[in-house]
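A.B. asks: Pasting the sequence and the predicted coordinates here, then a few questions.
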Amino acid sequence: MSTNYEWSFPSFETDSENKVKTIHYRYTATDGENSASMYGSCAGSDGMDFDAMTKEHCVTCVLEHQEQTEDEMKANLDAQIEAQKNPEIISKTKEW
């Protein structure tokens, strides 16, 4: 099964002139029943108008402010999903 990656932007902080000051984001990977996500916030682009911005503009802005590339973020999410599929440690109980 292939992994699907999705950006979402649950909220924004704007100033009195409707310029985006902070972008809150989530980047989610889903592979079948397994999923993982990263979330955070970053500063908006200089003069980013809330009404005129697009999802693509937000993705670009977030990636410009990250220390990781999108490929590195995907690798991180893929590793989290792999750990769900093949856990190193399994918690068990035993009824005596």
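C.D. replies: Now that the structure is in, tell me what you want to look at. Numbering: from 1, shown residues only.
A.B. asks: From now on I want contacts and neighbour counts done on CA atoms only, so please keep to that.
C.D. replies: Fine.
A.B. asks: does the residue nearest to the spatial centre of the chain count as helix, strand or coil?
C.D. replies: Nearest to the geometric centre of the chain sits Tyr27, at 1.8 Å (C-alpha atoms, centre = their mean). When the structure is reduced to helix, strand and coil (DSSP: H, G, I helix; E, B strand; the rest coil), Tyr27 reads as strand.
A.B. asks: Look up the closest residue to it, ignoring the ones flanking it.
C.D. replies: Of all residues not flanking Tyr27 in the chain, Trp7 sits nearest, at 4.6 Å (C-alpha to C-alpha, 6 or more residues apart in numbering).
A.B. asks: Rounded mean pLDDT for the helix or strand where the one you found lies, please.
C.D. replies: Here Trp7 sits within strand 4-14, counting by DSSP states H and E. The pLDDT scores in strand 4-14 average 97.
A.B. asks: So which elements touch it?
C.D. replies: Judged by 3 or more C-alpha pairs under 8 Å, 6 or more residues apart in numbering; DSSP states H and E, the packing partners of strand 4-14 are strand 20-31.
A.B. asks: which neighbours does the strand it packs on have in its sheet, and in what orientation?
C.D. replies: In its sheet, strand 20-31 lies beside strand 4-14 (antiparallel), strand 34-43 (antiparallel), with partners assigned from DSSP bridges.
A.B. asks: Identify the residues contacting the strand holding Trp7?
C.D. replies: In this structure, residues lying in contact with strand 4-14 by C-alpha atoms under 8 Å, 6 or more residues apart in numbering are 20-31, 50, 59, 74.
A.B. asks: buried ones in whichever helix or strand Glu82 is part of?
C.D. replies: Here Glu82 sits within helix 70-85, counting by DSSP H and E. Burial within helix 70-85, assessed by neighbour count using 16 or more other C-alpha atoms under 10 Å, is assigned to 73-74, 76-78, 80-81.
A.B. asks: could I get those residues as a markdown table with distance to Glu13 and pLDDT?
C.D. replies: Rendered in a markdown table, the data for those read as follows (distance: C-alpha to C-alpha, whole Å; pLDDT from 0 to 100):
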| residue | distance to Glu13 | pLDDT |
| --- | --- | --- |
| Met73 | 24 | 96 |
| Lys74 | 26 | 97 |
| Asn76 | 27 | 96 |
| Leu77 | 26 | 97 |
| Asp78 | 30 | 97 |
| Gln80 | 30 | 95 |
| Ile81 | 31 | 96 |
